[in-house]
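Peer 1: Got a sequence here, can you model it:
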Amino acid sequence: MSQTKLHVKSVGQGIDVVMLHGWGVNSAVFNALPDMLPEYRFHFVDLPGFGDSPVINGEIDDWLAAIIDSVPQPAIWIGWSLGGLIASLAAIKYPQYVSRLCTIASSPCFMAREEESWPGIPSSVLAQFASQLQQDLNKTIERFLAIQAMGSQTAKGDIKQLREWVLAKPQAQFPALQQGLSMLANVDIREQTTNIKQPWLRLWGKLDGLVPRKVIQLMPVMENTQDTMLAKASHAPFISHTEEFVTKLEEWLKSTTYQHT
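Peer 2: Numbers count the residues shown, from 1 in each chain. Got it, this is the predicted structure:
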């Protein structure tokens, strides 16, 4: 287990919910949710090196160990984008900690694997981000925020909201941004996802520019899985279509059993 405590902001009363954000941002992106879901106690985790959390050396398993050490168990885990990849790994490696799993606009393998016909982010795009990070950190994150909202009818407002919330906390640290990009490029848990036994909601944005719709058809369909598509949303449906997102999430939360493993 990790010795490093991450910054976790806990809000509300009720069933514990661990929230994990995506690359380049911090847990403030979920600010709108507690008021809309008052029956839950949210634990907003700043991933290592993002927001108010310290940098941790290592890879995704090291990040996960630090998160596990910083949150209550058992809890519902909800992860967006890179956070969804980490939450999925938590459900596989630490099933006693994860009672239910929800992934938002997230893939078990973000990088496109052309030789396997796996859809995802082209390797050239991630390589470009990695090189741009060296030159202009702020501009690279701005660009990434723009891609997150691409396709959304409310893209301009979405980017503005994302930027405001992200800037309310300390800027992401360079080593963490590099680590996160490396995870997006190299982590592949496709084969392991069949080991996820908890109720698992997968929320998708139909207009997502980072996680192609074709990914959904290639995901394992099991008794415990449910796929929900938000027709007009892009990569950040909880910002662009907050009410629809909350409705879908709440329906699933109320229809599945709270499991103590």
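Peer 1: So, low pLDDT: which residues of the stretch 151-261 of the chain?
Peer 2: 257-261 (pLDDT under 70).
Peer 1: so where do the strands sit in it?
Peer 2: Listed in chain order, the strands of the stretch 151-261 of the chain (DSSP state E, counting those that start in this stretch) span 200-205, 225-230.
Peer 1: Any chance of those in a markdown table with distance to Q153 and mean neighbour count as columns?
Peer 2: Just so you know, the C-beta spots here come from the backbone N, C-alpha and C atoms, and that holds for glycine as well. Below are those laid out as a markdown table (distance: least, C-beta to C-beta, whole Å; neighbours: other C-beta atoms under 10 Å):
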| stretch | distance to Q153 | mean neighbour count |
| --- | --- | --- |
| strand 200-205 | 12 | 24 |
| strand 225-230 | 12 | 16 |
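Peer 1: Would you reformat those as CSV and include distance to R113?
Peer 2: Formatted as CSV, the strands of the stretch 151-261 of the chain follow (distance: least, C-beta to C-beta, whole Å):
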stretch, distance to R113
strand 200-205, 19
strand 225-230, 21
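Peer 1: can you tell me which of those comes nearest to Q192?
Peer 2: Relative to Q192, the nearest member of those by C-beta to C-beta is strand 200-205, separated by 12.8 Å.
Peer 1: what's that closest one packed up against?
Peer 2: Judged by 3 or more C-beta pairs under 8 Å, 6 or more residues apart in numbering; DSSP states H and E, strand 200-205 is in contact with strand 98-104, strand 225-230, helix 237-240, helix 242-255.
Peer 1: now the ones you listed in TSV, with distance to E142?
Peer 2: Shown next, in TSV, are the helices and strands packed on strand 200-205 (distance: least, C-beta to C-beta, whole Å):
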stretch	distance to E142
strand 98-104	22
strand 225-230	24
helix 237-240	16
helix 242-255	22
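Peer 1: between the ones you listed, which gets nearest to G49?
Peer 2: The closest of the helices and strands packed on strand 200-205 to G49 is strand 98-104. By C-beta to C-beta, the value is 21.2 Å.
Peer 1: Following element in sequence after that closest one, please.
Peer 2: Following strand 98-104 in sequence order, the next helix or strand is helix 123-135 (DSSP states H and E).
Peer 1: Please identify the buried residues of that next one?
Peer 2: Within helix 123-135, the residues that count as buried by 16 or more other C-beta atoms under 10 Å are 125-126, 129-130, 133.
Peer 1: From V98, how far off is I67?
Peer 2: According to C-beta to C-beta, to the nearest Å, I67 and V98 sit 11 Å apart.
Peer 1: Need the residues touching each of those two.
Peer 2: A90 (C-beta atoms under 8 Å, 6 or more residues apart in numbering).
Peer 1: Just the CA trace of stretch 145-159, in PDB.
Peer 2: Provided in PDB are the C-alpha atoms of stretch 145-159 (Å, rounded to 0.1, in the frame of the first residue of the first chain):
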ATOM      1  CA  LEU A 145     -10.200  20.900 -22.800                       C
ATOM      2  CA  ALA A 146     -11.400  22.000 -26.200                       C
ATOM      3  CA  ILE A 147     -11.200  18.400 -27.500                       C
ATOM      4  CA  GLN A 148     -13.200  17.200 -24.500                       C
ATOM      5  CA  ALA A 149     -16.100  19.400 -25.500                       C
ATOM      6  CA  MET A 150     -15.800  18.800 -29.300                       C
ATOM      7  CA  GLY A 151     -19.100  17.900 -30.900                       C
ATOM      8  CA  SER A 152     -21.200  19.200 -28.000                       C
ATOM      9  CA  GLN A 153     -23.800  21.800 -28.900                       C
ATOM     10  CA  THR A 154     -22.800  23.700 -25.800                       C
ATOM     11  CA  ALA A 155     -19.000  23.300 -26.400                       C
ATOM     12  CA  LYS A 156     -18.100  27.000 -25.700                       C
ATOM     13  CA  GLY A 157     -19.900  27.000 -22.400                       C
ATOM     14  CA  ASP A 158     -18.600  23.600 -21.500                       C
ATOM     15  CA  ILE A 159     -15.000  24.700 -22.000                       C
END
